[in-house]
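>>> pasting the sequence and the predicted coordinates here, then a few questions.
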Amino acid sequence: AAGIDIPCFGLTGPASGSDAASMRDAGVVVEENGVLGMRVTFSKRYITLAPVATVIGLAFKLSDPNKLLTVGQEGITVALLPTEPNPTVPQGIPGLRTGPRHNPLGVGFMNGTVQGEDVFIPMSAVIGGEARCGFGWNMLMECLGEGRGISLPAGGVAASRLCALAVGGYARVRKQFK
């Protein structure tokens, strides 16, 4: 934890928004070359910091049709994925793509897409390991509650300060009567 990574939180999808229960992103537990992992297909959008992120917290629904999990369970799962190779995952996560910044309303922050088709994610990337598979709902609700408890009030204060500055500036230059 050197504080050099830029994280993003991959929850919002094109069809479900940030409604985790309606998420369509799906993964299946597999074993490949002796490594337990998941094959996951996902499409996320409006992910804050995605274009510049070095690590992605990715949420998806996990199923285990072949009963390969020894602990944990099926359900919403969250994995932590590096966007480039690093000492922990030297090969990186092949197939993981982050898109360029999209700017639909001229907003002043970075947001973009996070996508992948049939991406292999090792079980070691799940936050909490195999034992925490299926416990992503709790993680998501805690993160959203904490994050929105900070970002929404801060955004409101920032918007009101901007309005006050703009009105003050206009009041200084406006001439009502000649």
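Cool, the structure landed. These numbers come from a predicted model, not from an experiment.
>>> please enumerate the helices of the chain.
136-173 (DSSP state H).
>>> ranges for the strands of it?
7-10, 26-32, 35-48, 55-63, 75-82, 97-98, 111-122 (DSSP state E).
>>> number of residues surrounding Ser22?
Residues within reach of Ser22, counting by other Cβ atoms under 10 Å, total 10. For the C-beta atoms, the positions are set from N, CA and C on the backbone; glycine is no exception.
>>> list the contacts for it?
Going by Cβ atoms under 8 Å, 6 or more residues apart in numbering, Ser22 touches Ala15, Ser16.
>>> now do the residue nearest to Gly129 when sequence neighbours are not counted against Val35, distance only.
Sequence neighbours aside, Met123 is the residue nearest to Gly129 in space, at 6.8 Å (criterion: Cβ to Cβ, 6 or more residues apart in numbering). Separation of Met123 from Val35 (Cβ to Cβ, to the nearest Å): 8 Å.
>>> quick check: the residue nearest to Gly129 touching Gly34?
No - contact criterion Cβ atoms under 8 Å: Met123 and Gly34 do not qualify, at 11.9 Å.
>>> okay, these two: which has more neighbours?
Comparing Met123 with Gly34 by neighbour count (other Cβ under 10 Å), the higher total belongs to Met123, at 21 against 5.
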